[in-house]
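# Pasted the sequence and its predicted model underneath.
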Amino acid sequence: MRSEEIEEFHYIREKIMAEVKPSREEAFSLLKEYNKNEGLIKHALAVEAVMRYCARKRGQDEEKWGVVGLIHDLDYEQFPEQHCKKSEEILTERNWPSEYIRAVVSHGWEICTDVEPQSELEKVLYTIDELVGLVGATALVRPSKSVLDMKAKSVKKKWKDKAFAAGVNRDVITKGAEMLGIELNELISDVIMGMREVADEIGLKGNC
Ligand SMILES: [Fe+2]
Ligand SMILES: [Fe+2]
């Protein structure tokens with residue numbers, strides 16, 4: 001091939017790849033290829049469900065938001081020291097669209113990357129990731145051990161108790177809520193609603 005033809009070939013290939021959206025099945029099997037820890041899989045499923053709920057509420061592309069949520073911590077089990085950076089490598093190798101890769105990387109803004117969340121999808125992912133952990137931990141100390149009968153008020157109480165689920169970075173959540181211009185109460189309710197949809201799969205159905 002002549003060099004112009006090669007260039008043309010690459011251009012067309014890139015255009016096609018940019019339009020090919022990774023499917024949910026593809027994302028889930030990739031996640032399971034890199035993650036064996038049940039807790040991490042449950043976290044991924046919870047984040048996916050919340051992203052789907054938020055996308056629907058905002059009239060956005062539910063599949064795209066869900067797939068990004070599902071895959072966001074892809075590298076965490078095997079490469080915790082290179083979190084987000086390894087995911088970028090793996091997804092690039094597999095020809096994932098750059099929009100998805102950027103979204104995955106930006107959830108670690110100021111923690112493990114300097115890619116700032118810009119799109120609505122990125123801002124929501126950044127904000128709800130830590131909150132999913134707090135909502136899950138709160139559910140487990142309730143008598144029902146369930147998200148199905150839980151209200152935002154319970155999470156708010158635990159939010160103030162800094163010793164509870166101390167690993168949950170409340171500052172990230174506050175910053176994210178500010179970026180989105182959304183009240184913490186509404187945000188917590190959205191996370192609870194999303195997690196309810198997969199309560200059984202993520203072990204938070206309790207005795208409800
Ligand atoms: Fe992460
Ligand atoms: Fe996460």
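Perfect, I can see it now. Ligands and ions are numbered 1, 2, ... in the order given.

# I figured Glu122 hits Ser106, correct?
Yes. Taking contacts as C-beta atoms under 8 Å, Glu122 lies within contact range of Ser106: 4.6 Å. For glycine as for every other residue, the C-beta is placed from the backbone atoms N, C-alpha and C.

# Any residue of stretch 159-170 touching ligand 2?
No. For stretch 159-170 and ligand 2, the contact criterion (C-beta under 5 Å from the ion) is not met; the two come no nearer than 11.0 Å.

# Tell me which residue lies nearest the centroid of this protein.
Gly69 (3.2 Å; C-alpha atoms, centre = their mean).

# Secondary structure element for it, which one?
Using DSSP states H and E, Gly69 sits within helix 62-71.

# And for Tyr126?
Applying DSSP H and E as the criterion places Tyr126 in helix 120-140.

# what does Trp159 give?
Secondary structure assignment for Trp159, by DSSP H and E: helix 152-160.

# Likewise for Ser146?
Applying DSSP H and E, one finds Ser146 in no helix or strand.

# Identify the residue nearest it in space, chain neighbours excluded?
Gly206 (3.0 Å; C-beta to C-beta, 6 or more residues apart in numbering).

# my guess is that neighbour meets Lys145, correct?
Yes. Contact criterion C-beta under 8 Å: Gly206 and Lys145 qualify, at 3.4 Å.

# Show me whatever sits in contact with both of these two.
Ala139 (C-beta atoms under 8 Å, 6 or more residues apart in numbering).

# circling back: and the helix holding Tyr126, what does it pack onto?
If contacts are counted by 3 or more C-beta pairs under 8 Å, 6 or more residues apart in numbering; DSSP states H and E, helix 120-140 sits against helix 38-57, helix 62-71, helix 98-106, helix 152-160, helix 170-180, helix 184-196.

# what does the last one rub up against?
Contacts to helix 184-196, defined as C-beta under 8 Å, 6+ apart, come from residues 46, 49-54, 57, 127-128, 131-132, 135-136, 147-148, 150-152, 155-156, 159, 173-174, 177, 180, 202, 204.

# filter those residues to the buried ones?
For these, a burial check counting by 16 or more other C-beta atoms under 10 Å picks out 46, 49-54, 127-128, 131-132, 135-136, 147-148, 150, 152, 155, 159, 173, 177, 180, 202, 204.

# How many residues are close by Ala44?
Neighbour count of Ala44, defined by other C-beta atoms under 10 Å: 24.
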